[in-house]
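Peer 1: structure for the following, please:
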Amino acid sequence: MILKEVVNQTITRYLTGTGYYLVDLNITNDNRISVEIDAFEGVEIDFCAELSRYVESTLDREVEDFELQVGSAGLTEPFKVLKQYEKNIGNEVEVLTKTGKKLSGILTEANETNFILQIEKTEKPEGSKRKITIQEDITFNYSDIKYTKYIIRFK
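Peer 2: Got it, this is the predicted structure:
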């Protein structure tokens, strides 16, 4: 079986200095290798092909056969790494907490331990006849959520 650590090191070495980053790497028992990459400026198909050829050149099919797939992280898939959060600062995202609460709002900040979601909610101030819309920042620890994903809106 092809070792995940070896493939991970190969990919990391190739991506260094390119602006691309590794989102996910999976290797099944029958050597199907799936690589997901992303970049702040988007992923070019030609870059995926180059990375695929590079990874293939470092593995020996004579020793162990494999299937290799290199692609971009899905736009509607949950975030898997911190850089995906950083890439989406200022964008609308959906968060599902481990308690089952689903929220959507603007991702305003992200670091190694948590991220901040700015939501809008309506409240009726005491003594007022009308409800007003206010913005509230909610901080989430990554360990408290099931997923965060980008929301696509067609206007």
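Peer 1: got any ranges where this protein has weak pLDDT?
Peer 2: By pLDDT under 70, the chain contains no weakly predicted segment.
Peer 1: outline the domain layout of it.
Peer 2: As assigned by automatic domain parsing, the chain contains the domains 4-72, 82-150.
Peer 1: dump those domains to TSV, plus mean neighbour count.
Peer 2: Just so you know, the C-beta spots here come from the backbone N, C-alpha and C atoms, and that holds for glycine as well. Converted to TSV, the domains of the chain look like this (neighbours: other Cβ atoms under 10 Å):
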stretch	mean neighbour count
domain 4-72	14
domain 82-150	14
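Peer 1: please, which helix or strand holds the residue located most distally from the centre of the chain?
Peer 2: What lies farthest from the middle of the chain is Gly127; by Cα atoms, centre = their mean that is 44.4 Å. For Gly127, there is no host helix or strand (DSSP states H and E).
Peer 1: which elements pack onto the helix of greatest length in the chain?
Peer 2: Longest helix of the chain, by residue count under DSSP state H: helix 45-58. For helix 45-58, the packing partners by 3 or more Cβ pairs under 8 Å, 6 or more residues apart in numbering; DSSP states H and E come out as helix 4-15, strand 32-39, strand 67-72.
Peer 1: any idea how far Ile116 is from Ser22?
Peer 2: Quick fix: residue 22 is Leu, not Ser. Using Cβ to Cβ, to the nearest Å, Leu22 is found at 25 Å from Ile116.
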